[in-house]
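Asks: Please find the sequence and the predicted model below.
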Amino acid sequence: MKTFFGVCFLFFCAHINAQIDTTKKRVVEVSSTFKPSLRETAKINMNATPPATDTTKPRLQYNLPDQNLLFAYQPGNLKPLALGIDTGGRWDNNSYIKAGFGSQRTPFLQAGISFGDGKTAGLNIYAKHVASDGKKDFQDFSHTNVALSGFFQTSKSLEWDAKLGMKSDQTYKYGFMPESLSFDTDSLKQRFQTWYGRVSFHNLEPTSFGLSYAPEVKIDVFSDNHKNTESNTYVNLPLEKTVGKTFAVDLGLTFDLTRYKPNGKTAINNTAYYISPAVLFRTPNINVQAGVRPTWDNKSSKIYPNIMAEIGTPDKRFNLIAGWVGYLRKTTYEYLASFNPWIWAPATMKNTGIEERYIGFKGSVGDHFSYSTKVGFNKLTNQPLFINDSADGKSFIVVNESQMKVLHYGGEIGYNVQEKFSFKGGISLNHYMNLKDNDKAWGLLPLEMNAAMRVQVLKDLYLTTDLFAWDGEQYRKKNGDNGKLKGAFDLNAGLDFKITKNLKVWSQFNNIFNKQYQRWNQYPVYGFNFVAGVIFAFDQKN
C-alpha cells in the first residue's frame, strides 16, 4: 500500500513541473538594501595597580682584596749588599724635585718627571746626586745616576720598553793601617762609571697560536779611573706556548757576552749562553715547572735542573713551595765593584755556578698579615771571596773558591693597614761549609736582618724607620790568621710633613745610636748623621 501511494505522489509532481511556462524572464525581486557591518567587540578594561613599596634594605656584597704585603718569592742567592743611603719617601705617580743638605756636608738632589698617560705610553726622567765627607781622612764618597726610560703600546698589541742612563760612583781607599801612612789622593781614588741601555718588547695578548714572547737586549759599558774597561752584552729570547688551559711549554735562549780589558794587559773574553726548555702546569691551586738548563760557560758545559712547584689552598692563604734549580751568575768587574768598591781590578774571570734545593711556604693570615719562609741547601762553584792585601790592607784582592756548600734559611713577614701603618721584616741565615780552597768564606755575611716601618702619625705627618743588622764577616789578617768582625746594628728614622698641596719638608736621621761598625775589614762606616730638605711635587701636563 505504501509503495502504491509513493509512486502516485512522484507521478503527480512530474505532471505539475511539465506545465510550468519557461518562456517568461526570470526576475529577482529585492525587498530591502543590504548594509554590511562589523560586530562590535567587547572592550578590555585595564585597571592599573601600582606595585607595593619595597621596604627591605638591600644587602650589597663587596669582594675586596686582602690588604696585605705580597712578597714575590725568589730563591736566595749569595749577594750581600753594601749599606745604601737612606732617603725619605717620595710621592708616587707625581713629578717631583727633592733637595736637601746634611751634617756630613751632604748635598742631596733627586728629581723625577713623568710624561704620557701611563697606560699606552709613558716617558720618565730620573736623576739623583748625593755626596758626603766623612770625619776620617779620605772617608768621602759621591753617587750620581741619570736615567731616561719609556714605553709605548702599538696597535698590534705590542709594548716596547727602553732605558738609557749613566751612573758614576766615587770613593777613596781610606782603610789603610796604620793611619799614619801618607798617600797621594789620586792613588786612593776609586771612580767607576757605567753607561747602560736596555731595549725590550713583548706581546700583551698571546697570538692565535698561543705564543707569548719578550725578547730583551742589555748593554753596559763599564770603566774605572785606572784605565780598566769592560763591556757586557746580554740577550734574552724567551718564548712560551700555551697548550690548552693548563699546560704551557717554555723555550728560552740567552747569550751573556763580556769583554774585559785590564790596563796594559790582553783582553779577556768571558762568554756564557744557555737554553731553558721547560713544561709548565698551571691551575688555580697548582703551579709546576719542570725542565733543564743546558749551559755553556766558556769552554765548559753543564746541565742544570730547573724544577719548581707551588701548591696552595683555594683562598691563597697557604702555599707550599719547593724547587731544585741551577743557573750561572756572571762574574764581571762591574758586579765585583758594586759588591766591594775597594777591590783591585781582577786578573781573571770565573763565573759562579749555583745549584739550589729548597722547600718552604708562604701565604697570609687575616686581611693584613703575610709571611714567607724557606730553607735550602746550595752548592756553589767558583764563588768570589775578598781578602785584604798584605801591605796596608786598604785594597781587597778577589780570590776564587772552586767549591763550597751553603745551608740557607730565609724568611719575611709583613703587616699593612691601608696607608696608616706598614711593616716589613726579613732574615737571611747562611752557613758556609766544605770550602775546598779557603779556610773561611771571606767577606760573606753569615746573618742579615732588616726591617722597615711607616706610620701615619697625623693626617699629613709620616714617620719611617729602617733597621739593618748583621753578624760580622770572616776576614784574613796580615799574618794569615782568621779574624771575625763584630756585628752591626743600625737604626734610621725619617719624617715627612705636608705643608701645602705641592710642598713637603723631610728629614732623615741615620745611625741614630752612633754605632761604630765595619761592613768590610778596616773600613768603618759613618757615625750619626742627618739630612733634611724639601720636596716639591707637581702634576706634569701631557
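Replies: Here it is on my side, so go on.

Asks: elements contacting the helix or strand where His202 lies?
Replies: Following DSSP states H and E, one finds His202 within strand 189-203. Counting contacts by 3 or more CB pairs under 8 Å, 6 or more residues apart in numbering; DSSP states H and E, strand 189-203 packs against strand 158-172, strand 211-213, strand 216-224, helix 333-339. In this view, the C-beta of every residue, glycine as well, is placed from N, C-alpha and C.

Asks: how distant is the third one from the center of its chain?
Replies: Strand 216-224 has its average C-alpha position 21 Å from the chain's average C-alpha position, going by CA atoms, centre = their mean, to the nearest Å.

Asks: Strand partners (parallel or antiparallel) of that strand?
Replies: Strand 216-224 pairs in its sheet with strand 189-203 (antiparallel), strand 229-237 (antiparallel), by DSSP bridges.

Asks: for the record, mean pLDDT for the helix or strand that comes right after the last one?
Replies: What it means is strand 229-237. Next helix or strand after strand 229-237 toward the C-terminus (DSSP H and E): strand 239-243. Averaging pLDDT along strand 239-243 gives 94.

Asks: Packing partners of strand 239-243?
Replies: Counting contacts by 3+ CB pairs under 8 Å, 6+ apart, strand 239-243 packs against strand 211-213, strand 247-250.

Asks: Give the buried residues for the strand holding His202.
Replies: Buried residues in strand 189-203, counted by 16 or more other CB atoms under 10 Å: Lys189, Gln190, Phe192, Thr194, Tyr196, Arg198, Ser200, Phe201.

Asks: Same list, the strands paired with strand 216-224, but as JSON lines with distance to Phe318 please.
Replies: JSON lines is the format used below for the strands paired with strand 216-224 (distance: least, CB to CB, whole Å):
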{"stretch": "strand 189-203", "distance to Phe318": "32"}
{"stretch": "strand 229-237", "distance to Phe318": "33"}
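
Asks: of all those strands, which lies closest to Gln516?
Replies: strand 189-203 (22.7 Å; CB to CB).

Asks: Pull the distance from that closest one to the chain's centre.
Replies: Its chain's average C-alpha position is 18 Å from that of strand 189-203, according to CA atoms, centre = their mean.

Asks: Out of the helices and strands packed on strand 239-243, flag the one nearest Asp460.
Replies: Of all the helices and strands packed on strand 239-243, strand 211-213 sits nearest to Asp460, with 44.3 Å by CB to CB.

Asks: In TSV: the helices and strands packed on strand 239-243, plus mean pLDDT.
Replies: Formatted as TSV, the helices and strands packed on strand 239-243 follow (pLDDT from 0 to 100):
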stretch	mean pLDDT
strand 211-213	94
strand 247-250	95
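
Asks: For Ile303, find the nearest of the ones you listed.
Replies: strand 247-250 (16.1 Å).

Asks: Contacts for whichever helix or strand comes after the closest one, please.
Replies: Remark: after strand 247-250, the chain's next helix or strand is strand 253-261, criterion DSSP H and E. With CB atoms under 8 Å, 6 or more residues apart in numbering as the test, strand 253-261 has contacts from 228-237, 267-276, 328, 330, 332-333, 346, 349.

Asks: If we use 7 Å, what do you get?
Replies: 229-237, 267-275, 330, 332-333, 349 (CB atoms under 7 Å, 6 or more residues apart in numbering).

Asks: and it, which residues are buried?
Replies: Using 16+ other CB under 10 Å as the test for burial, strand 253-261 gives Thr254, Asp256, Leu257, Thr258, Tyr260, Lys261.

Asks: can you check stretch 460-471 too?
Replies: Judged by neighbour count using 16+ other CB under 10 Å, the buried positions of stretch 460-471 are Tyr462, Thr464, Thr465, Asp466, Phe468, Ala469, Trp470, Asp471.

Asks: Output it as CSV - backbone C-alpha positions only.
Replies: Presented in CSV, the C-alpha positions along stretch 460-471 are these (Å, rounded to 0.1, in the frame of the first residue of the first chain):
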residue,chain,number,x,y,z
ASP,A,460,99.9,64.9,56.9
LEU,A,461,102.8,63.6,59.1
TYR,A,462,104.5,60.3,58.4
LEU,A,463,107.3,58.5,60.4
THR,A,464,109.6,56.0,58.7
THR,A,465,112.1,53.8,60.3
ASP,A,466,114.7,51.3,58.9
LEU,A,467,116.8,48.7,60.8
PHE,A,468,119.8,46.9,59.5
ALA,A,469,121.6,44.3,61.5
TRP,A,470,124.1,41.5,60.7
ASP,A,471,126.7,39.2,62.1
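
Asks: re earlier: so which of the helices and strands packed on strand 189-203 is nearest Gly527?
Replies: That would be, of the helices and strands packed on strand 189-203 and by CB to CB, strand 158-172, which comes in at 17.5 Å.

Asks: model confidence over that closest one, on average?
Replies: 96.

Asks: Asp186 sits in which helix or strand?
Replies: If you go by DSSP H and E, Asp186 is part of helix 185-188.

Asks: So what touches that helix?
Replies: With contact meaning CB under 7 Å, 6+ apart, helix 185-188 is reached by Phe138, Tyr172, Lys173, Tyr174.

Asks: Let's have the residues you listed in CSV, adding neighbour count.
Replies: Putting these into CSV (neighbours: other CB atoms under 10 Å) gives the following:
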residue, neighbour count
Phe138, 18
Tyr172, 22
Lys173, 21
Tyr174, 20
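
Asks: Go through those residues and say which is closest to Phe339.
Replies: Using CB to CB, Lys173 comes nearest to Phe339 of these, at 15.7 Å.

Asks: one step back: the strands paired with strand 216-224: which one's closest to Ile97?
Replies: Nearest to Ile97, of all those, is strand 189-203, at 23.9 Å by CB to CB.

Asks: What lies in contact with the closest one?
Replies: In contact with strand 189-203 (CB under 7 Å, 6+ apart) are residues 157-173, 212-225, 334, 337, 341-342.

Asks: what does stretch 378-392 give?
Replies: Against stretch 378-392 from outside (CB under 7 Å, 6+ apart): 78, 176-177, 181, 331, 336, 340, 343, 350-356, 395-406, 408, 438, 441-443, 475-476, 478, 521-522.

Asks: Mind checking which of the residues you listed are in strands?
Replies: The strands, defined by DSSP state E, take in 352-356, 396-401, 404-406, 408, 475-476 from those.

Asks: which among those residues end up buried?
Replies: Buried among the ones in strands among the contacts of stretch 378-392 by 16+ other CB under 10 Å: 352-356, 396-401, 404, 406, 408, 475-476.

Asks: between those, which is nearest Ile97?
Replies: Lowest distance from Ile97 to those (CB to CB) belongs to Phe396, with 37.6 Å.
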